[in-house]
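Colleague: For reference, the sequence and a predicted model appear below.
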Amino acid sequence: MAATAQAQPNIALVKYWGKRDTRLNLPVTGSLSITLDALWTRTRIEFDASLRHDELRLNGKEDPATLARASACLDLLRRRAGTTQRARIDTRNNFPTAAGLASSASGFAALVVAADAALGLTLDRRTLSMLARQGSGSAARSLFGGFVSMAAGQRDDGADAVAQPLLGAAAWPLAVVVAVTSDRRKHVGSGAGMERSRRTSPFYPAWVDSAAADLAAAQRAVQARDFAALAELSEHNCLKMHAVMQSSRPPLLYWNGATVDCMQRIRALREDAGEQVFFTVDAGAQVKAVCTPDAAPRVAAALAELPGVAQVLSSRLGEGARRLDDSEAP
Ligand code: PMV
């Protein structure tokens, strides 16, 4: 009744910001993401009949908030397995947690894959994606590698709000350079932030109305490996989401000064130096530069020299969540 799994964060190029159901984490709009390979969450889970409560250690420390969310997600798998056994969860991230680097995406994707294996359920990927979504909306996408699209779905039970692979990592090998400008936990989490935007931003209806067209255009750009089209669309979609965040009441301003400097630098690298690179930013201060692998070292060097950039991480695109041998347990 024990298993270990690994999942990597994914970065959305067409973003999800707004829920049609907060209990099931059903998105109002579809989204499109890329799965990374160098950043990971590794999780070992062991079901144990002698435990009275679930236990969780994140990077070696107890974490009650993460435990509560993990327990709720595990209940879904326990119900399918017909067991009430509690579990001991050991999970580790090799990158900053809850700072806008999608640690909840890799975290819940790793959790469902490990729990599925430990409980001997052997659920299919679509079902695992649906279960991960109930932990964190974006986690549904980390079940798959490369370019992934996520449907908003229409059903009230969320059975059709699942991710699916769009193009494999090897079919269009891009790189991602992450400029870490803050390792602080974000002040407002994405769930509360989305609800605030839905209720108060005057731009929210326009955001929702334009999402399907953005998603279709991004899917076409990915299928055609059209970097310039994907760059234009992704930066537009990212800044449109931040306009919704910033026009919420009270405002959600996830950026710091270095975030803006990184975005300007990336734009200059593309427009003045001809590099194939574009930026995207999520609910945090970090900037992700998506580029061709040959440009990655130059992009990393340019971002590393900006004041306020504490760390630069580079990654290629990677595979979806998978089971690991227990010898690789965190
Ligand atoms: O899945 P959550 O609740 O962490 O929300 C993700 C929100 C964004 O990262 C800002 C956008 C996205 O689609 O990943």
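Modeller: Structure received.
Colleague: State the distance from the residue nearest to Asp261 when sequence neighbours are not counted to Phe47.
Modeller: Spatial nearest neighbour of Asp261, chain neighbours left out: Leu306 (5.1 Å); criterion: C-beta to C-beta, 6 or more residues apart in numbering. Where C-beta positions appear, they are placed from N, C-alpha and C, glycine not excepted. For Leu306, the distance to Phe47 (C-beta to C-beta, to the nearest Å) stands at 47 Å.
Colleague: Neighbour count: those two, which is higher?
Modeller: Higher neighbour count among Leu306 and Phe47: Phe47, with 22 against 17, using other C-beta atoms under 10 Å.
Colleague: So that one sits against Leu77, correct?
Modeller: No - counting by C-beta atoms under 8 Å, Phe47 sits too far from Leu77 to count as a contact (9.9 Å).
Colleague: Please enumerate the shared neighbours of the two.
Modeller: Both Phe47 and Leu77 are contacted by Leu119, under the criterion C-beta atoms under 8 Å, 6 or more residues apart in numbering.
Colleague: Tell me the pLDDT of Ala329.
Modeller: With respect to pLDDT, Ala329 scores 85.
Colleague: Return the residues of this structure in contact with the ligand.
Modeller: Contact residues (C-beta under 6 Å from any ligand atom) of the chain with the ligand: 12, 15-17, 31, 104, 136-138, 190-191, 282-283.
Colleague: follow-up on the earlier one: quick one: the residue nearest to Asp261 is in a strand?
Modeller: No - under DSSP: H, G, I helix; E, B strand; the rest coil, Leu306 sits outside any strand and is assigned coil.
Colleague: what are the phi and psi values for it?
Modeller: The phi and psi values for Leu306, taken as degrees, to the nearest 10, are phi -80, psi 140.
Colleague: Can you tell me how far it is from the ligand?
Modeller: Distance of Leu306 to the ligand, given as C-beta to the nearest ligand atom, to the nearest Å: 23 Å.
Colleague: thought that residue was touching Met263?
Modeller: No - Leu306 is beyond contact range of Met263, at 10.7 Å (criterion: C-beta under 8 Å).
Colleague: List the ones among the residues of the chain next to the ligand that fall in helices.
Modeller: Per DSSP state H, helices hold the following members of the residues of the chain next to the ligand: 104, 190-191.
Colleague: residue ranges of the helices in the chain, please?
Modeller: Using DSSP H, helices in the chain cover 64-81, 103-118, 125-135, 190-200, 204-223, 227-246, 257-271, 296-304.
Colleague: Averaged pLDDT, the shortest one. What do you get?
Modeller: The predicted model assigns helix 296-304 a mean pLDDT of 98.
Colleague: List the buried residues for it?
Modeller: 296, 299-300, 302-303 (16 or more other C-beta atoms under 10 Å).
Colleague: ok, now which ones touch Leu56?
Modeller: 62-63, 66-67, 70, 89-91.
Colleague: and the gap between it and the ligand?
Modeller: 18 Å.
Colleague: Could you chop this protein up by domain?
Modeller: As recorded under automatic domain parsing, the domains making up the chain are 2-171, 175-316.
Colleague: wait, which of those is closest to Asp326?
Modeller: domain 2-171 (5.3 Å; C-beta to C-beta).
Colleague: what bits of the stretch 1-150 of the chain have low per-residue confidence?
Modeller: Applying pLDDT under 70 to the stretch 1-150 of the chain flags residues 97-100.
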